[in-house]
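Q: One predicted model, sequence on top.
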Amino acid sequence: MESNNQETEKPSGLLLLPSEIRNQIYGHLFASTRLAFGRKYIANFSLKCMKPSPNALSILGTCRQIYAEAGELWLSQVLFVFDDPGYMLDKLCLLPPKTMSQIRHVHICGCGLMLAPVKSSTFEHYTLASIIKLLPHLRLDTLTVLSKSGAEIAYETLEHLIHTFEHYTLASIIKLLPHLRLDTLTVLSKSGAEIAYETLEHLIQYSNGWKELRFITHDSKMLAFEKARTFYFGRIPRKLQPSTWNEIMTKRDGVDSGASITIYRLTHADAPSTILQPGIRQLFEPKPPSCLNIFGRIDDKPLANCDEIEKAMLFIVKRGRHTDILNRDEPSLLYPLDIRSWAKDTPWPAFRQRRFTYNDGPVEETPVLKTYICVTESEYNRRFDRFMD
């Protein structure tokens with residue numbers, strides 16, 4: 001009987017390995033694990049919650065010794081995937097600062113965040129923008145407005161509709177996570193070319209909390225569009241890239257810091273989910289334009305070619321060596337676009353109900369269990385014109 005008990009209590013083969021080997025095994029396991037959160041559209045246009053596999057971290061529950069050895073390793077190894085910035089804030093803002101600072105890899109869609117403004121009772125006359133607020137369950141694909149008013153009233157109505165929500169780009173949203181210290185931040189752009197361009201420029205110019213940024217677009221339109229209107233700066237032209245963005249990074253991190261921006265494109269069109277694989281992409285170095293006066297004011301003809309425009313692009317931005325990536329409470333460089341000036345000292349959970357997003361509709365009760373082959377894979381669905389995680 002005693003010999004049987006000894007056989008039962010025999011340590012597992014894993015625990016018989018040297019601790020250095022065990023740590024490598026833990027590292028490979030966690031590096032191939034992704035935890036996905038948020039909502040996504042499925043084939044019948046309904047919304048479902050995403051949730052990670054319940055067994056994603058099951059190794060931590062096998063025994064006390066493994067938990068003690070690997071319990072503090074997984075946060076810095078696994079990939080956290082969020083459907084949009086709002087869900088990222090929902091999850092990460094609840095974490096203690098020490099826990100948040102251990103997360104190293106985040107994968108997120110690059111949309112902004114729209115927040116409804118504080119109620120105002122200063123108007124006795126309510127425009128259409130205010131009236132629509134009485135229909136909280138409205139989920140229109142299109143809203144057509146026929147103005148019967150004079151020019152001044154029509155202009156006011158349109159302005160109120162446009163400014164019903166405060167819109168903040170990802171660069172501003174990240175500032176709500178001051179303890180973030182990511183090794184890699186991967187952003188999947190699901191916006192149009194102009195908004196994607198603005199989003200990346202804000203991340204390069206203003207954001208912290210990461211050492212390497214990977215910004216993915218599903219086509220090449222971001223460097224080919226003609227002068228267009230964006231959320232904040234009106235009509236602005238494209239600039240020569242990546243030289244302009246490299247100048248910004250040099251000013252931020254120093255001339256000899258090693259900060260850099262590199263652009264890659266897929267060798268073939270219609271495969272955006274694979275662009276993180278080095279073997280099927282190539283370095284993209286735009287040729288200097290023959291006439292700088294009109295560059296960015298018209299579309300890029302060679303890049304806008306039908307055979308070229310559908311190729312996905314990857315922008316890799318690396319911060320300088322020894323750069324302090326901490327989100328500090330310095331006077332805002334983004335004011336009035338910094339979400340901290342809007343939220344002041346109010347924590348995210350207290351004002352998250354003002355959040356508005358395209359997928360705030362009813363959600364099916366059964367969650368989607370996310371499966372994947374490669375931890376960094378992303379699925380692009382042209383039907384919805386966006387990346388799906």
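A: All right, it came through fine. What you see is a predicted model; the values in this text were computed from it and never measured.
Q: hey, let's count contacts and neighbours off CA atoms from now on
A: Will do.
Q: Skipping adjacent residues, who's closest to Val317 in space?
A: Excluding its sequence neighbours, the residue lying closest to Val317 (Cα to Cα, 6 or more residues apart in numbering) is Ile261, at 4.5 Å.
Q: residues contacting that neighbour?
A: Contacts for Ile261 (Cα atoms under 8 Å, 6 or more residues apart in numbering) come out as 242, 245-246, 315-318.
Q: What strand or helix carries Val106?
A: strand 105-109 (DSSP states H and E).
Q: do Met114 as well
A: Element membership for Met114 (DSSP H and E) is strand 113-115.
Q: ditto for Ile103
A: Counting by DSSP H and E, Ile103 is part of no helix or strand.
Q: sorry, back to before: quick one: which of the contacts of Ile261 has the most company?
A: In terms of neighbours by other Cα atoms under 10 Å, the contacts of Ile261 top out with Val317 at 25 neighbours.
Q: Identify the residues contacting it.
A: Contacts for Val317 (Cα under 8 Å, 6+ apart) come out as 204, 212-214, 259-262.
Q: got it, and Ile204?
A: Neighbour list for Ile204: 245, 248-249, 317 [criterion: Cα under 8 Å, 6+ apart].
Q: Regarding it, what is its secondary structure?
A: Using DSSP: H, G, I helix; E, B strand; the rest coil, the structure places Ile204 in helix.
Q: Just the pLDDT at it, thanks.
A: With respect to pLDDT, Ile204 scores 92.
Q: try the one 4 residues further on
A: According to the model's per-residue confidence, Asn208 sits at a pLDDT of 90.
Q: pretty sure it is touching Leu326, no?
A: Yes - taking contacts as Cα atoms under 8 Å, Asn208 lies within contact range of Leu326: 6.1 Å.
Q: which of the two has more neighbours?
A: A direct count of neighbours by other Cα under 10 Å for Asn208 and Leu326 places Asn208 higher, at 24 against 18.
Q: Report the separation between the closest residue to the more buried one other than its chain neighbours and Ile174.
A: Excluding the flanking residues, the one nearest Asn208 by Cα to Cα, 6+ apart is Ile325, at 5.0 Å. According to Cα to Cα, to the nearest Å, Ile325 stands 12 Å off from Ile174.
Q: do the same with Asp253
A: Distance of Asp253 to Ile174, given as Cα to Cα: 19 Å.
Q: same check, this time on Cys93
A: Distance from Cys93 to Ile174, by Cα to Cα: 11 Å.
Q: Look at the two and report which has more neighbours.
A: Each of Cys93 and Ile174 has its neighbours counted (other Cα under 10 Å); Ile174 has more, 22 against 18.
Q: you'd agree the more buried one is up against Gly209?
A: Yes - using Cα under 8 Å, Ile174 makes contact with Gly209 at a distance of 7.5 Å.
Q: which neighbours do Ile325 and Ile174 share?
A: Shared contacts of Ile325 and Ile174, defined by Cα under 8 Å, 6+ apart, are found at 208-209.
Q: Which one of the contacts of Ile204 is nearest to Thr186?
A: The shortest approach to Thr186 among these belongs to Val317, at 10.4 Å (Cα to Cα).
Q: I'd like to know how far that closest one sits from Leu115.
A: Using Cα to Cα, one obtains 28 Å as the distance from Val317 to Leu115.
Q: residues of the helix or strand encompassing Gln65 that come out buried?
A: Secondary structure assignment for Gln65, by DSSP H and E: helix 64-70. By 16 or more other Cα atoms under 10 Å, the buried positions in helix 64-70 come out as 66, 70.
Q: now the helix or strand just after it: mean pLDDT?
A: Remark: after helix 64-70, the chain's next helix or strand is strand 79-82, criterion DSSP H and E. When pLDDT is averaged along strand 79-82, the result is 88.
Q: After strand 79-82, which helix or strand is next?
A: helix 85-92.
Q: Which elements pack onto that following helix?
A: Contact here means 3 or more Cα pairs under 8 Å, 6 or more residues apart in numbering; DSSP states H and E; on that basis helix 85-92 packs against strand 34-41, helix 348-351.
Q: export it as CSV, just CAs?
A: What follows is helix 85-92, C-alpha atoms only, in CSV (Å, rounded to 0.1, in the frame of the first residue of the first chain):
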residue,chain,number,x,y,z
PRO,A,85,-10.8,50.8,-27.3
GLY,A,86,-13.9,50.9,-25.1
TYR,A,87,-13.6,47.2,-24.2
MET,A,88,-9.9,47.7,-23.5
LEU,A,89,-10.7,50.4,-21.0
ASP,A,90,-13.5,48.2,-19.5
LYS,A,91,-11.0,45.5,-18.7
LEU,A,92,-7.7,47.3,-18.0
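Q: Strand partners (parallel or antiparallel) of the strand holding Val106?
A: strand 79-82 (parallel), strand 182-188 (parallel) (DSSP bridges).
Q: Export these to a markdown table and append columns for distance to Tyr197 and mean neighbour count.
A: Compiled in a markdown table, these are given as follows (distance: least, Cα to Cα, whole Å; neighbours: other Cα atoms under 10 Å):
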| stretch | distance to Tyr197 | mean neighbour count |
| --- | --- | --- |
| strand 79-82 | 21 | 23 |
| strand 182-188 | 12 | 23 |
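Q: now the ones you listed as a markdown table including distance to Leu35?
A: Formatted as a markdown table, the strands paired with strand 105-109 follow (distance: least, Cα to Cα, whole Å):
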| stretch | distance to Leu35 |
| --- | --- |
| strand 79-82 | 5 |
| strand 182-188 | 14 |
